[in-house]
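Colleague: Here you go, sequence then predicted model.
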Amino acid sequence: MTMRLCLSGVGKTFTMHLRGGVELPVLRNVEFAVSAGECVVLTGPSGAGKSTILRMIYGNYLADAGQILVVDGDTIVDIASAPPRRIRDIRRRMISYVSQFLRAVPRVPAIDVVAEPLRERGRPADEARDRAAALLQRLNLPERLWSLPPATFSGGEQQRVNIARGLVSDHPILILDEPTASLDAANRDIVAELIEERRDSGAALLGIFHDATMRRRVATRAVDVGAFAA
Ligand SMILES: Nc1ncnc2c1ncn2[C@@H]1O[C@H](COP(=O)(O)OP(=O)(O)OP(=O)(O)O)[C@@H](O)[C@H]1O
């Protein structure tokens with residue numbers, strides 16, 4: 001199995017600058033790896049630091065100890081110490097991140113929100129839109145919504161746009177932060193199917209799924225974040 005992602009000795013303490021610099025230790029010595037074809041799920045109690053781990057991998061939060069290695073062919077990049085330009089490059093080429101909520105740019109139609117990651121990777125506009133349309137179709141987003149900006153969509157509709165955006169490109173690493181929280185059972189089932197397809201075609205997946213059925217279906221292994229409590 002090809003290793004894609006490897007965390008070792010990772011720690012995170014939040015400093016509350018607006019509370020007189022109070023320190024909130026959350027994680028210490030986080031150790032695990034994710035290989036191609038795996039779907040590793042993070043488990044553990046609320047507040048354990050599951051989302052924090054995903055955000056550190058994507059470079060939204062800075063790890064204050066350890067290494068977060070992303071294996072990019074023959075090159076290995078440490079996200080915990082890479083300069084912002086390198087992190088942006090790794091994101092564009094290597095990592096797709098589906099957050100809990102869609103952060104849509106105002107006035108951009110849903111189909112273009114979904115197609116954007118492909119455009120960023122240099123794919124032609126037509127191809128990007130075709131792939132976006134195919135995914136939105138599969139996720140049952142009514143076609144009349146495709147040309148509208150998602151800002152006024154329902155929670156579940158926005159979440160499906162968000163998932164489509166995360167799955168449209170074939171990035172080797174896919175990070176999922178509760179992607180199905182506001183979906184009904186039928187749509188959850190479709191998302192599970194899409195995730196399984198990505199996993200089985202060799203992507204390395206790491207996610208948080210509060211829904212136990214979903215977890216059982218997609219996970220190849222679980223990592224208990226409670227074991228890394230600071
Ligand atoms: N930006 C931040 N500033 C300060 N504290 C933060 C910040 N982000 C997270 N925390 C704290 O870190 C801890 C871990 O939060 P995190 O969201 O990673 O937990 P989680 O395991 O994903 O929880 P849940 O299952 O409830 O979503 C919490 O106590 C949270 O308050």
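Modeller: Received it, and whenever you're ready, just let me know what you need.
Colleague: and stretch 150-163, average pLDDT?
Modeller: In this model, stretch 150-163 has an average pLDDT of 93.
Colleague: again, but for stretch 133-142
Modeller: Mean predicted lDDT for stretch 133-142 stands at 96.
Colleague: Quick check: phi and psi on Arg107?
Modeller: phi 70, psi 0 (degrees, to the nearest 10).
Colleague: helix/strand/coil for the closest residue to Gly207 other than its chain neighbours?
Modeller: Leaving aside its chain neighbours, Gly207 sits nearest to Leu176 (3.5 Å; criterion: Cβ to Cβ, 6 or more residues apart in numbering). In short, each C-beta sits where N, CA and C put it, glycine included. On the three-state scheme (DSSP: H, G, I helix; E, B strand; the rest coil), Leu176 is labelled strand.
Colleague: what about Leu176, neighbour count?
Modeller: Burial measure for Leu176: 26 neighbouring residues, criterion other Cβ atoms under 10 Å.
Colleague: Write down the beta-bridge partners of it, one by one.
Modeller: Val98, Gly207 (DSSP bridges).
Colleague: and the helix or strand hosting Lys12, what does it pack onto?
Modeller: Secondary structure from DSSP states H and E places Lys12 in strand 3-16. Under the contact definition 3 or more Cβ pairs under 8 Å, 6 or more residues apart in numbering; DSSP states H and E, strand 3-16 sits against strand 22-35, helix 50-58, strand 65-72, strand 204-208.
Colleague: wait, which of those is closest to the ligand?
Modeller: helix 50-58 (3.4 Å; Cβ to the nearest ligand atom).
Colleague: how far does that closest one sit from the chain's center?
Modeller: 9 Å (Cα atoms, centre = their mean, to the nearest Å).
Colleague: quick check: longest helix of the protein.
Modeller: helix 185-200 (DSSP state H).
Colleague: in that one, what counts as buried?
Modeller: Within helix 185-200, the residues that qualify as buried by neighbour count (16 or more other Cβ atoms under 10 Å) are 187-188, 190-192, 194-195, 198-199.
Colleague: try stretch 205-224
Modeller: Buried-residue list, stretch 205-224, by 16+ other Cβ under 10 Å: 205-209, 214-215, 217-219, 223.
Colleague: mean confidence score for that stretch?
Modeller: 95.
Colleague: Pull it out as PDB, backbone CA atoms only.
Modeller: What follows is stretch 205-224, C-alpha atoms only, in PDB (Å, rounded to 0.1, in the frame of the first residue of the first chain):
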ATOM      1  CA  LEU A 205      -9.500   9.000   2.700                       C
ATOM      2  CA  LEU A 206      -9.700  10.400   6.200                       C
ATOM      3  CA  GLY A 207     -13.000  11.500   7.700                       C
ATOM      4  CA  ILE A 208     -15.300  12.100  10.600                       C
ATOM      5  CA  PHE A 209     -18.800  10.500  10.400                       C
ATOM      6  CA  HIS A 210     -21.100  10.800  13.300                       C
ATOM      7  CA  ASP A 211     -23.600   8.400  11.600                       C
ATOM      8  CA  ALA A 212     -22.600   4.900  12.700                       C
ATOM      9  CA  THR A 213     -24.200   3.200   9.600                       C
ATOM     10  CA  MET A 214     -22.200   5.500   7.300                       C
ATOM     11  CA  ARG A 215     -19.100   4.800   9.300                       C
ATOM     12  CA  ARG A 216     -19.500   1.000   9.100                       C
ATOM     13  CA  ARG A 217     -20.100   1.200   5.400                       C
ATOM     14  CA  VAL A 218     -17.100   3.400   4.300                       C
ATOM     15  CA  ALA A 219     -14.400   2.800   7.000                       C
ATOM     16  CA  THR A 220     -11.500   0.500   6.500                       C
ATOM     17  CA  ARG A 221     -10.100   1.400  10.000                       C
ATOM     18  CA  ALA A 222     -10.800   3.700  12.900                       C
ATOM     19  CA  VAL A 223      -8.400   5.900  14.900                       C
ATOM     20  CA  ASP A 224      -9.500   6.900  18.400                       C
END
